[in-house]
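Student: Here is my input, please return the structure:
(2 chains)
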Amino acid sequence: MKKIIGLLLISLLLCACSDPKQEVHKYSFFAFGTIIELTISGVEKSLADQAAGELETDFERMHKDWHAWNPGPLVTINEHLARGEAAPVSEDLMPLLIKAKQLALISGGTFNPAIGGLLELWGYHGDDPPTRPPEKETIEDYLKHIPDLADVEISDGLVRTDNSSVQFDLGGFAKGYGIDRAIDHLKALGIENAIVNAGGDLKVIGQRYDRPWRIGIRNPRKAGVMASLDVNDGESVFTSGDYERYFIYEGKRYHHILDPRTGYPASDFISVTIITEDAALADAAATAVFVAGIKDWQLVADRMGLNKVMVVEKNGVIHMTPEMKPRMQMVVETINVQDR
Amino acid sequence: MFKTGDKLVLISALVFVGWLYGQFWFSDGRGDFAQITIDGKEQQLVSLAENKILEMRGKTGVSELEINDGRIRFKHSPCPNQICVHAGWLEHGGEFAACLPNHVAVEIVANNTLFDSINF
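Tutor: As a prediction, the model looks like this:
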């Protein structure tokens, strides 16, 4: 009997000695105006805890510095531009504005980080959702001076433009840029296997201890997921959907992804998913392809150098590029999938 | 050759192995628990086995979470957008919803987690 008890005790001890490298550490915190979820594998818990703390501080600082309407560095720049003056740009913000301009130019204007004025007209510069769309005439007036990044000069620590309606709002891109930075920070700490997910958009490095990182892509219209996807080392997965921020006015749904060409919410798609390595590019591209609509989405994807794109039309029809199709394991059968 | 006792041991061993096989290979990843996070710090694990309503006090008020038939959802939340309520029922490992203004988040935890993260 003593032997049996001894054996049981030894087996209990063995159970307690699981390999810390085979554990997955998960953290979630509210920062950057959203919820950040951090998943780390392959390191001791103490290092993962440290990384989570440092990333939370990073995201809070980026949120404050890049905010489009709360007082801070970006708002100060916008105030200068509204007065027709050249605005000094900090070293921290400079690469962000330069990249935003590059992405706007290659997107053919479907991603426009200077339409802060339009978003404000729609009531998206506040914590409460809008209750009604702006008057038609107000939008028409705004479109007469629609900001074009080609007219914005960024050099020598200054940003200048002759168009006083240029107002930077980095909402369609800052999250991606921030996620890229967070991943760099993790790598600098010696973490090689992780997922950084900010409000549903994510980038991964490495893999889980036993298999590639596996993510679910949420169904844009129902609860649950519509597809499963194994994400490779260094890839970002970004989705723009009409279900994220919207309001209903007189029975019509108005969402926050505005088409700079019309001044109204882009109307062809309910969601667009992009896979590419650069998270800032993925973020801007998800908006750009969404705005481009059924007629131009392939053209815009090509211009931005993307080959893994999925778009979901209002009627539920899904289109995928040939490179995207083998990556997506669809879990909904009712949706009609078509080749590009 | 075998005594009754031996047969019983063999049969129960086979049934046990069969049960384990089913657990490990055919589990659909449905979660047994939900992890509720308030303000990124306070965390609690709740069982999805018992149907009930939970009232979680967050930053701006009370979020009402409903557990029913192994699933959980935001039933009411004091936020203007109601994105958490529109997220609907969560039941599979890794599925997730959050009320950002109230700083309340819910994630399904399952032993055989289907997804490491959710994209939306």
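Student: Check which helix or strand residue B:13 maps to.
Tutor: Residue B:13 is located in helix B:4-26, with elements delineated by DSSP states H and E.
Student: now swap in residue B:84 and tell me
Tutor: Residue B:84 belongs to helix B:83-86 when elements are defined using DSSP H and E.
Student: Quick one: residues in contact with that helix.
Tutor: A:243-245, B:63, B:73-77, B:97-100, B:104 (CB atoms under 8 Å, 6 or more residues apart in numbering or on different chains). To be clear about C-beta, it is placed using only N, CA and C from the backbone, and glycine gets the same treatment.
Student: go on, stretch A:79-88?
Tutor: Outside of stretch A:79-88, the residues within contact range by CB under 8 Å, 6+ apart are A:76-78, A:157-162, A:164, A:166-168.
Student: What about the residues you listed, which are in helices?
Tutor: Among these, the ones falling in helices (DSSP state H) are A:76, A:77, A:78.
Student: so does stretch B:47-61 get close to chain A?
Tutor: No. No part of stretch B:47-61 sits close enough to chain A to count as contact by CB under 8 Å from any CB of the partner chain; the gap is at least 8.6 Å.
Student: Now do that stretch, average pLDDT.
Tutor: Averaged across stretch B:47-61, the pLDDT comes to 91.
Student: ditto for stretch A:139-146
Tutor: The average of the pLDDT scores along stretch A:139-146 is 96.
Student: ok, now stretch A:116-124?
Tutor: Taken as a whole, stretch A:116-124 has an average pLDDT of 95.
Student: Would you mark the buried spots in it?
Tutor: When neighbours are counted by 16 or more other CB atoms under 10 Å in any protein chain shown, the buried residues of stretch A:116-124 are found to be A:116, A:117, A:118, A:119, A:120, A:121, A:122, A:123, A:124.
Student: Could you export those to TSV, including columns for distance to residue A:269 and secondary structure?
Tutor: Conversion of these to TSV gives the following (distance: CB to CB, whole Å; DSSP: H, G, I helix; E, B strand; the rest coil):
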residue	distance to residue A:269	secondary structure
A:116	23	helix
A:117	24	helix
A:118	19	helix
A:119	19	helix
A:120	24	helix
A:121	23	helix
A:122	19	coil
A:123	22	coil
A:124	19	coil
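Student: Can you tell me which residues in chain B are near chain A?
Tutor: So chain B meets chain A at B:37, B:39-41, B:73, B:80-81, B:83, B:86-92, B:94-96, B:98, B:100-101, B:103, B:105, B:107, B:114-120 (CB under 8 Å from any CB).
Student: Quick check on those residues: which are buried?
Tutor: Buried by 16+ other CB under 10 Å: B:37, B:40, B:73, B:81, B:83, B:87-92, B:94-96, B:98, B:100-101, B:103, B:105, B:107, B:114-120, out of the residues of chain B next to chain A.
Student: Looking at the residues you listed, which are in strands?
Tutor: Among those, the members falling in strands are B:37, B:73, B:96, B:98, B:105, B:107, B:117, B:118, B:119 (criterion: DSSP state E).
Student: How about the contacts made by the closest residue to the fifth one other than its chain neighbours?
Tutor: Closest residue to residue B:105 in three dimensions, ignoring its sequence neighbours and counting by CB to CB, 6 or more residues apart in numbering or on different chains: residue B:98, at 3.9 Å. With CB under 8 Å, 6+ apart as the criterion, the residues that contact residue B:98 are A:35, B:84, B:104, B:105, B:106.
Student: Who wins on neighbours among these?
Tutor: Going through the contacts of residue B:98 with other CB atoms under 10 Å in any protein chain shown as the criterion, the one with the most neighbours is residue B:104, at 30 neighbours.
Student: Can you check the pLDDT for that one?
Tutor: According to the prediction, residue B:104 has pLDDT 93.
Student: Now that it has come up, it's in contact with residue B:40, right?
Tutor: No. Assessed by CB atoms under 8 Å, residue B:104 is found out of contact with residue B:40, at 10.3 Å.
Student: confidence score at the closest residue to residue A:112 other than its chain neighbours?
Tutor: Residue nearest to residue A:112 in three dimensions, not counting chain neighbours: residue A:260, with 4.2 Å by CB to CB, 6+ apart. Per-residue confidence for residue A:260 comes out at a pLDDT of 96.
Student: how much space between residue A:260 and chain B?
Tutor: From residue A:260 over to chain B the distance is 24 Å, taken as CB to the nearest CB, to the nearest Å.
Student: Flag whichever of the contacts of helix B:83-86 scores worst on pLDDT.
Tutor: When those are compared, the smallest pLDDT is that of residue A:244, 80.
Student: what's around it, how many residues?
Tutor: Each residue near residue A:244 was counted by other CB under 10 Å, and the total is 17.
Student: same check, this time on residue A:304
Tutor: As a burial measure, the neighbour count of residue A:304 was computed by other CB under 10 Å and equals 23.
Student: out of everything not next to it in sequence, what's closest to the residue of the stretch 151-300 of chain A found nearest chain B?
Tutor: Chain B sits closest to residue A:223 of the stretch 151-300 of chain A, with a gap of 3.2 Å, by CB to the nearest CB. Using CB to CB, 6+ apart and skipping the chain neighbours, the partner closest in space to residue A:223 is residue B:88 (3.2 Å).
Student: Show the contacting residues for the one you found.
Tutor: If you count contacts by CB under 8 Å, 6+ apart, residue B:88 has them with A:222, A:223, A:224, B:73.
Student: Alright, I will stop here.
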